[in-house]
Structure formats: C-alpha cells, structure tokens
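Engineer: my questions concern the predicted model and sequence given below.
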Amino acid sequence: METKFAVKMLAALAQETRLAVFRQLVEAGPAGRAAGELAEALGCAPATLSFHLKELSNAALIEGRQDGRFVIYAANFASMNALLAFMTENCCRASSADGCAC
C-alpha cells in the first residue's frame with residue numbers, strides 16, 4: 001500500500017462519527033447494515049450520516065450496495081486488512097529485543 005492511501009484511510013477514520021460507523025460495520029460483518037439502521041444506532045441525522053458514509057467510501061473503507069429501496073453498507077475488509085498490514089509491516093525491524101509486540 002502506498003503511504004498516500006494509508007493517510008487517506010487514517011484521515012477518514014480520524015473523526016468520531018466515522019470511526020463509530022466503521023466499527024459498527026466491522027461488527028456487522030460482510031452482511032453489513034442499512035443506512036437507516038446505522039443512523040438509528042448512532043443517533044445521527046440521515047444527512048450527516050450520508051456525509052460520513054461518503055467520506056468512508058471515498059477512502060475505500062466501506063462499500064454500499066443497493067437492496068431494493070435500501071442501501072446496505074459493509075466494511076471493506078480487504079482495505080482494512082491492507083491498512084493494518086501497512087501499519088505493522090516493519091514492526092520491531094530496528095529492534096534487537098526478543099518478543100516483538102506485533
């Protein structure tokens with residue numbers, strides 16, 4: 001992963017509501033949750049939630065799919081795992097100590 005993509009993802013998560021949305025979607029798993037369910041669970045106005053969903057989607061952290069008249073959002077687990085791998089790829093590289101924390 002390129003650093004600029006990691007920065008974009010981390011910037012999207014560096015906001016309280018977006019982090020809460022993302023955590024809700026990770027908890028929901030691949031099935032995801034409808035936008036209305038997310039708004040209700042988080043006590044967030046639909047217009048505000050829409051803004052945050054767009055930001056997470058632009059950072060490739062979530063994906064939306066149409067299901068009838070509902071939009072179901074799910075975490076993009078491949079992107080999440082790539083970000084985690086990027087964050088830990090050099091863990092303890094410069095350390096000579098045993099027992100790396102990663």
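Structural biologist: Ah, there it is.
Engineer: next up, the contacts around residue 74.
Structural biologist: Taking CB atoms under 8 Å, 6 or more residues apart in numbering as the contact definition, residue 74 lies against 25, 28-33, 62-65. (C-beta placed from N, C-alpha, C; glycine too.)
Engineer: please redo it, this time with the cut-off set to 10 Å
Structural biologist: For residue 74, the contacting residues are 25-26, 28-33, 62-65, by CB atoms under 10 Å, 6 or more residues apart in numbering.
Engineer: narrow the residues you listed to those in helices?
Structural biologist: 25-26, 28 (DSSP state H).
Engineer: of the contacts of residue 74, buried ones?
Structural biologist: 25, 28, 32-33, 62-64 (16 or more other CB atoms under 10 Å).
Engineer: how about the contacts made by the nearest residue to residue 12 once chain neighbours are set aside?
Structural biologist: Leaving out its chain neighbours, the residue that sits closest to residue 12 by CB to CB, 6 or more residues apart in numbering is residue 59, at 3.6 Å. Counting by CB under 10 Å, 6+ apart, residue 59 makes contact with 5, 7-13, 18, 22, 76, 79, 83.
Engineer: buried ones in stretch 82-96, by neighbour count?
Structural biologist: Buried, per 16+ other CB under 10 Å, within stretch 82-96: 82-83, 86.
Engineer: what does the average pLDDT come to for that stretch?
Structural biologist: When pLDDT is averaged over stretch 82-96, the result is 83.
Engineer: can you give me the helices for this protein?
Structural biologist: 3-13, 16-28, 35-42, 46-58, 77-88.
Engineer: list the buried residues in the fourth one.
Structural biologist: When you say that, I think you mean helix 46-58. Buried, per 16+ other CB under 10 Å, within helix 46-58: 49, 52-53, 55-56.
Engineer: can you check stretch 59-78 too?
Structural biologist: 59-64, 72-76.
Engineer: columns distance to residue 94 on top of the contacts of residue 59, output as TSV?
Structural biologist: As requested, these are exported to TSV (distance: CB to CB, whole Å):
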residue	distance to residue 94
5	24
7	22
8	26
9	25
10	22
11	26
12	29
13	26
18	32
22	31
76	31
79	27
83	22
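Engineer: state the distance from the residue lying closest to residue 49 once chain neighbours are set aside to residue 57.
Structural biologist: Of all residues not flanking residue 49 in the chain, residue 39 sits nearest, at 4.7 Å (CB to CB, 6+ apart). In this view, residue 39 and residue 57 are 16 Å apart by CB to CB, to the nearest Å.
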